[in-house]
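K.L.:
sequence plus the predicted model coming up.
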Amino acid sequence: MQHETATAEWWRTAVVYQVYIRSFADGNGDGLGDIAGLRARLPYLHQLGIDAIWINPWYPSPQIDAGYDVSDYRAIEPAYGTTDEAELLIAEAHDLGIKVVLDIVPNHTSWEHPWFEAALAGDAQARARYLFRPGKGVDGELPPNDWESIFGGPAWTRSTAPDGTPGDWYLHLFAPAQPDLDWSNPEVVAEFEDVLRFWFDKGVDGFRIDVAHGLAKHPELPDAGPRTGRKDRNDHPGWDQDGVHEIYRGWRRVADEYADRVFVAEAWVESNERLARYLRPDELHTAFQFDFLQAPFVASVMKQTIDDARAAADAVGAPATWVLSNHDVVRHATRYARSQPEHAVSSIWEQSRWHEGAPDLALGLRRARAAALLTLGLPGTAYVYQGEELGLPEVEDLPAEVRQDPAIAQSGGAQIGRDGCRVPLPWSGETAPFGFSPEGAPEPWLPLPDSWAPYTAEAQEADPDSTLSLYRRALELRSKWLVGEGFEWVPSPEGTLAFARGDVQVWLNTSGAPVAVPGELLLGSDPAAEAGTLPSDAAAWVRV
Ligand code: GLC
């Protein structure tokens, strides 16, 4: 049975759940999450009350960057399942009223993609789809320019010519296993529009666009100077170049051949003004609001971030897109578990930690629950990263030998890597791996901490005060009370923020002391709070 879903621009208000597939649920018993595991858990997602899922790359890949190195854009990674299973998943999700958003990786392919293999073998047509350039220096022994890879070190690797001699260099903004495509080549443009159609024809509802601001490069590839923060400034000739927008106008035309399809951009650009350019009416529908994710748990900073994001999105008629965590950043329950700076942290990925010292995980969880009510109370789209509904913290003590992020080695150890937010989900039982894999399976690809028994979905199901129950209740109330785009700040004491959406007000207190709140409590992040009072590090939805 096809559920009734509000199809008219569903993406303006949707709550989208990010499925990091290798860590969601292992159905076939090999220690790695897969489509079978996801299909089996669709009822859980349905019960949670989300509108859509975004699945991280599930295509064939040597998995050097956890699937962001794609070797075939039109197939399924065998470790995850088959195309038949993917089609079943899409149908079953749709039956439950859940839309399916895939992840497309257009900035680079895998070095095992047939195009790149042909390029290395000397095929001139294939080479012209990538960015090969002669090196500098006497014998071309130096990279063609000074660009740095996001994962550390130069963004260039020297290739070996088919005759075995050192050849030209190729550009990779990420790992050497991820050669950048040349988007000024019409063959690249045509290929990706065809890939979009391939999945749209299978019923997929949209795409998250990986590194959406990287595709167009300055044609001369000039030197750039050193990289500063996590955000990529458009004065760097490799990022956020104006030529990128023509690509997305083409993609939008493809999406508009179908009904109700949506794009969400991952674009770490410098400002909301730059971000809004991606959201013009003939380009992309939505883009992650990363300022919000980089904001500390400080009401004044969060308020400023919300205002700025909303103003920029409004100016182009797009909804703001809120996100607190994803597979690239430290989980917010841990980010909030240490003392908070008074400003946005712009180098979250590189630095990985806001402060040294032991985290206060109880405090972090309290704040994470409050931040969830803030986020889900805002107008616009919200993303939930798998496990945040369980209140999962970052796993900070993963031993070096199990860590797999290519950024660790490539940065010479300067980056701690992103494995700590990618640990498999705990589903049930008292001992690791907590139902992630069927009985008898080998160890999961990353170990689950033994201390995670209280975090399992099973343990939280029955507890009305659990984080899982909070998310379920919030999503249920959101669809009833927090509809429409209405939004108005409400005067509130220092260290707090409050806004009204119709009859409902959303309050957040980061002041360190309790404050009085008006109205009747609909939902509070602190189960122990008494009526009329909002403790610090808590949020509440009240009906006034
Ligand atoms: C995006 C992905 C990240 C990946 C990178 C390269 O930032 O979210 O996980 O490593 O792109 O594809």
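P.N.:
Nice, thanks for sending it over. Residues are numbered from 1 along each chain as shown.
K.L.:
which part of this structure gets nearest to the ligand, residue-wise?
P.N.:
Y68 (3.3 Å; C-beta to the nearest ligand atom). For glycine as for every other residue, the C-beta is placed from the backbone atoms N, C-alpha and C.
K.L.:
excluding chain neighbours, what is closest to C421?
P.N.:
Among residues not flanking C421 along the chain, R331 sits closest, at 4.9 Å (C-beta to C-beta, 6 or more residues apart in numbering).
K.L.:
residues contacting that neighbour?
P.N.:
When contacts are counted by C-beta atoms under 8 Å, 6 or more residues apart in numbering, R331 touches 325, 385, 387-388, 392-394, 420-421.
K.L.:
helices and strands of the protein: which one bottoms out on pLDDT?
P.N.:
Least confident element among the helices and strands of the chain, by mean pLDDT, DSSP states H and E: helix 348-351 (a mean of 47).
K.L.:
any idea which helix or strand comes after it?
P.N.:
Following helix 348-351 in sequence order, the next helix or strand is helix 361-377 (DSSP states H and E).
K.L.:
tell me what that next one is packed against?
P.N.:
Helices and strands touching helix 361-377, by 3 or more C-beta pairs under 8 Å, 6 or more residues apart in numbering; DSSP states H and E, are helix 332-335, helix 467-481, strand 496-501, strand 504-509, strand 538-543.
K.L.:
out of those, which is the most enclosed?
P.N.:
Greatest average neighbour count among those goes to helix 332-335 (a mean of 27), per mean count of other C-beta atoms under 10 Å.
K.L.:
show me what the mean pLDDT comes to for it.
P.N.:
The average pLDDT within helix 332-335 is 93.
K.L.:
list of residues touching it?
P.N.:
293, 297, 324-325, 329, 348, 354, 359, 361, 364-365, 367-368, 371, 388, 391-394, 396.
K.L.:
ChimeraX command for the buried members of these?
P.N.:
Burial among the contacts of helix 332-335 is assessed by 16 or more other C-beta atoms under 10 Å; the matching ChimeraX selection reads:
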select :293,297,324,325,329,348,354,359,361,364,365,367,368,371,388,391,392,393,394,396
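K.L.:
how about low-confidence regions in the stretch 301-450 of the chain?
P.N.:
For the stretch 301-450 of the chain, applying pLDDT under 70 flags the ranges 346-356.
K.L.:
which residue ranges of it form strands?
P.N.:
For the stretch 301-450 of the chain, the strands defined by DSSP state E, counting those that start in this stretch cover 321-323, 381-385.
K.L.:
okay if I get those as a markdown table plus distance to H172 and mean neighbour count?
P.N.:
Listed next are the strands of the stretch 301-450 of the chain as a markdown table, based on distance: least, C-beta to C-beta, whole Å; neighbours: other C-beta atoms under 10 Å:
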| stretch | distance to H172 | mean neighbour count |
| --- | --- | --- |
| strand 321-323 | 26 | 24 |
| strand 381-385 | 26 | 26 |
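K.L.:
just send these back as JSON lines, with distance to L279 too.
P.N.:
Shown next, in JSON lines, are the strands of the stretch 301-450 of the chain (distance: least, C-beta to C-beta, whole Å):
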{"stretch": "strand 321-323", "distance to L279": "9"}
{"stretch": "strand 381-385", "distance to L279": "12"}
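K.L.:
ok, is stretch 70-84 in contact with the ligand or not?
P.N.:
No - shown here: stretch 70-84 not in contact with the ligand (C-beta under 6 Å from any ligand atom), separated by at least 9.1 Å.
K.L.:
list the contacts of the residue lying closest to D450 once chain neighbours are set aside.
P.N.:
Counting by C-beta to C-beta, 6+ apart, D450 lies nearest to A432, which is 5.5 Å off, once chain neighbours are set aside. Residues near A432 by C-beta under 8 Å, 6+ apart: 426, 447-450, 452.
K.L.:
next one: phi and psi at A432?
P.N.:
phi -60, psi 140 (degrees, to the nearest 10).
K.L.:
pLDDT weak spots in this protein?
P.N.:
Within the chain, the ranges that satisfy pLDDT under 70 run 1-7, 227-231, 346-356.
K.L.:
near the ligand, which residues of it show up?
P.N.:
65, 68, 105, 174, 210-211, 266, 327-328.
K.L.:
tell me the one of those residues nearest Y471?
P.N.:
Of all the residues of the chain next to the ligand, H327 has the smallest distance to Y471: 18.6 Å, by C-beta to C-beta.
K.L.:
count the neighbours of the closest residue to A79 other than its chain neighbours for me.
P.N.:
Counting by C-beta to C-beta, 6+ apart, L32 is the residue found nearest to A79 once chain neighbours are left out, at 5.6 Å. Look at L32: counted by other C-beta atoms under 10 Å, it has 24 neighbours.
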